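Asks: Need the 3D shape of this:
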Amino acid sequence: MHIGQFLILCFLFLLMLYILRLKNLTSIRILIVLLLGLGMLFVFMPELTTKLANMVGFGRGADLILYLLVIFNLYYFVYTLGEQNRLLKMVTLAAREIAILKAQAGEGESLAEKGQGGDDGPEGRWYHGAA
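Replies: This is a model prediction of the structure:
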């Protein structure tokens, strides 16, 4: 085993321990640990990736891993965009609900109207322009 293989295996093992300690979905943690274990196997036995690559029609194992990495990154990018949009919608709905509840309770006066900031005009505390 080369020093590079040893270092990569150590990194993957530490990453696996970290993932196991996270408090997110168990199924996601199991999937990540399985993928990390597969990565450790591929680092320990690089000829296995070449055999797998030849079975699916690629020339080298490194090519197969690169293609899988590109596919995974694209999936993750699209998933993250979807999650970001979902969270933005949730924040927008929560802000609207708070605004409606404040208006119904008679607290509809904004911070700017109360003189506690907001527009930072001539009376605002952060206004540095000439009056």
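
Asks: Determine the number of other residues adjacent to Gly61.
Replies: Here the number of neighbours of Gly61 (other Cβ atoms under 10 Å) works out to 19. For every residue, glycine as well, the C-beta is placed using N, CA and C.

Asks: all strands for this protein, in order.
Replies: Assigned by DSSP state E, the chain shows no strands.

Asks: which residues of it score low on pLDDT?
Replies: Low-confidence segments of the chain, defined by pLDDT under 70, are located at 1-2, 4-5, 22-25, 27, 107-131.

Asks: please redo it, this time with the cut-off set to 80
Replies: Along the chain, segments meeting pLDDT under 80 span 1-33, 72, 76, 107-131.

Asks: middle-most residue in it, spatially?
Replies: Geometric centre of the chain, nearest residue: Thr80, 6.2 Å, by Cα atoms, centre = their mean.

Asks: Just give the nearest non-adjacent residue to Leu15, would you?
Replies: Of all residues not flanking Leu15 in the chain, Leu36 sits nearest, at 6.1 Å (Cβ to Cβ, 6 or more residues apart in numbering).

Asks: who's in contact with the one you found?
Replies: Neighbour list for Leu36: Leu12, Leu15, Met16, Ile19 [criterion: Cβ atoms under 8 Å, 6 or more residues apart in numbering].

Asks: Could you check how far the nearest residue to the third one once chain neighbours are set aside is from Leu87?
Replies: The shortest distance from Met16 to any non-neighbouring residue, by Cβ to Cβ, 6+ apart, is to Leu36 (4.5 Å). If you measure Leu36 against Leu87 using Cβ to Cβ, to the nearest Å, the figure is 27 Å.

Asks: Gly59 now?
Replies: Taken as Cβ to Cβ, the span from Gly59 to Leu87 is 42 Å.

Asks: Can I get stretch 89-97 as PDB, trimmed to CA atoms?
Replies: Once non-C-alpha atoms are left out, stretch 89-97 reads as follows in PDB (Å, rounded to 0.1, in the frame of the first residue of the first chain):
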ATOM      1  CA  LYS A  89     -40.900  29.700   0.300                       C
ATOM      2  CA  MET A  90     -41.100  28.600   4.000                       C
ATOM      3  CA  VAL A  91     -39.500  31.800   5.100                       C
ATOM      4  CA  THR A  92     -41.700  33.900   2.900                       C
ATOM      5  CA  LEU A  93     -44.800  32.200   4.200                       C
ATOM      6  CA  ALA A  94     -43.700  32.600   7.800                       C
ATOM      7  CA  ALA A  95     -42.900  36.300   7.300                       C
ATOM      8  CA  ARG A  96     -46.400  36.900   5.700                       C
ATOM      9  CA  GLU A  97     -48.100  35.000   8.600                       C
END
